[in-house]
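**Student:** give me coordinates for this.
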Amino acid sequence: MQFLQNIHRVADYALALVKLVQNREVGWRTLNRKTDKYEREKQPSNAFLRLWIHEKIIVAGQREASKASSYQIKTFVDFYQINMEEFQPSDLNEYATFEDFFVRQHAVGSCPIFAESDPTKAVVVADSRVVVYPSVSQAQALWIKGKNFTIENLILDPQRARVWADGGVASFRLSPQDYHRYHSPVAGKVSWFKQISGDYYQVDPICLSSNVDILTRNARCCIGLETKEFGMVLFVAIGATNVGTVEINEPLRKTGTDVKKGDEIGLFQFGGCSIIVAFERDRIKFDEDLLSVSRKRITVDVEVGMSLGTAFLMPSS
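**Tutor:** Next up is the predicted model:
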């Protein structure tokens, strides 16, 4: 009798799993900000297909000079239902390699910058899934569980890191299907730039909530932005899962370069990746919809240029 009960339990589990797969209830749960509906990140429901889509295509994309990788672009676009009208060029035949497609550009006007002329409004830096927390300590408690995660370890600079001691943190995670260029959240001036070598661990929610210090071990590029409205803002682009290149546009590597809100900062190549944006303590109020969902340890699906938060202006002396 016990044996039969165990068989039934296994069968019930298998049927439930099949139902999840059929309904595509797989992948990390996220709130689509545009539709205000909870979804699952679209993933291949078959393990072999997932391996082929997420790894074989990305590996093929790494062969920069190989035109053989281009035939896989349409499969990728069809599976993830990417609207190519939002990108330039929109014709898939104009991409010579998968690498060219991977770093595609948004079409002009497809992603307007929220309150573009208002310097007190910060915006989303990338098409991604985001969580926001008013302090580093809350981010550590609810999302980033690496036992050694601190801003100091993130930028490997104790003196500069003091500026963001327990300040606000926004964590953006990009998936392979996303637009892989990233943009400035605020208007300001480059104060410093630093490139840090490292590994390329995965940055999905399970990895981020483990005790492994993913974000402080992966290769990354760091920029300090000096602003009037938000004080010093930290922008860190972090490579992951076969992302062999974290590129920062050359002008942004130079101290003193002026940056407009929404300006392109750089791009990732080949795979998923992550961005951390940190603010000085009590210098930003993140949008309430982002905060409320982040408290539940659920990410919000956002697009570059959407509203991120508002500056707490310092009283005039």
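
**Student:** in stretch 282-291, what's buried?
**Tutor:** For stretch 282-291, the neighbour count (16 or more other C-beta atoms under 10 Å) marks 283-284, 286-287, 290-291 as buried. In this view, the C-beta of every residue, glycine as well, is placed from N, C-alpha and C.

**Student:** where strands are concerned, which of the residues you listed count?
**Tutor:** Using DSSP state E, 284, 286 are the members of the buried residues of stretch 282-291 that sit in strands.

**Student:** state the distance from residue 291 to residue 168.
**Tutor:** 10 Å (C-beta to C-beta, to the nearest Å).

**Student:** same thing with residue 282?
**Tutor:** Computed with C-beta to C-beta, the distance linking residue 282 and residue 168 is 8 Å.

**Student:** over to residue 181?
**Tutor:** From residue 181 across to residue 168, the span is 24 Å (C-beta to C-beta).

**Student:** likewise residue 38?
**Tutor:** Distance of residue 38 to residue 168, computed by C-beta to C-beta: 25 Å.

**Student:** residue 225 now?
**Tutor:** Plainly put, residue 225 is 14 Å away from residue 168 if you go by C-beta to C-beta.

**Student:** settle it for me: which of the two has more neighbours?
**Tutor:** residue 168 (27 against 24; other C-beta atoms under 10 Å).

**Student:** now stretch 73-88 - C-alpha only, PDB.
**Tutor:** This file holds the C-alpha atoms of stretch 73-88, laid out as PDB (Å, rounded to 0.1, in the frame of the first residue of the first chain):
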ATOM      1  CA  ILE A  73      18.600  34.800 -35.200                       C
ATOM      2  CA  LYS A  74      15.100  34.200 -36.400                       C
ATOM      3  CA  THR A  75      14.600  31.200 -34.100                       C
ATOM      4  CA  PHE A  76      15.700  33.400 -31.200                       C
ATOM      5  CA  VAL A  77      13.400  36.200 -32.200                       C
ATOM      6  CA  ASP A  78      10.400  33.900 -32.700                       C
ATOM      7  CA  PHE A  79      10.800  32.100 -29.400                       C
ATOM      8  CA  TYR A  80      11.100  35.300 -27.300                       C
ATOM      9  CA  GLN A  81       8.500  37.200 -29.500                       C
ATOM     10  CA  ILE A  82      10.800  40.100 -29.900                       C
ATOM     11  CA  ASN A  83       9.200  43.100 -31.600                       C
ATOM     12  CA  MET A  84      11.800  44.100 -34.200                       C
ATOM     13  CA  GLU A  85       9.900  47.300 -35.000                       C
ATOM     14  CA  GLU A  86      11.400  48.600 -31.800                       C
ATOM     15  CA  PHE A  87      14.900  48.100 -33.100                       C
ATOM     16  CA  GLN A  88      17.100  49.500 -35.800                       C
END
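
**Student:** isn't there a strand covering residue 301?
**Tutor:** Yes. The assignment for residue 301 is a strand, going by DSSP: H, G, I helix; E, B strand; the rest coil.

**Student:** okay then, goodbye and thanks.
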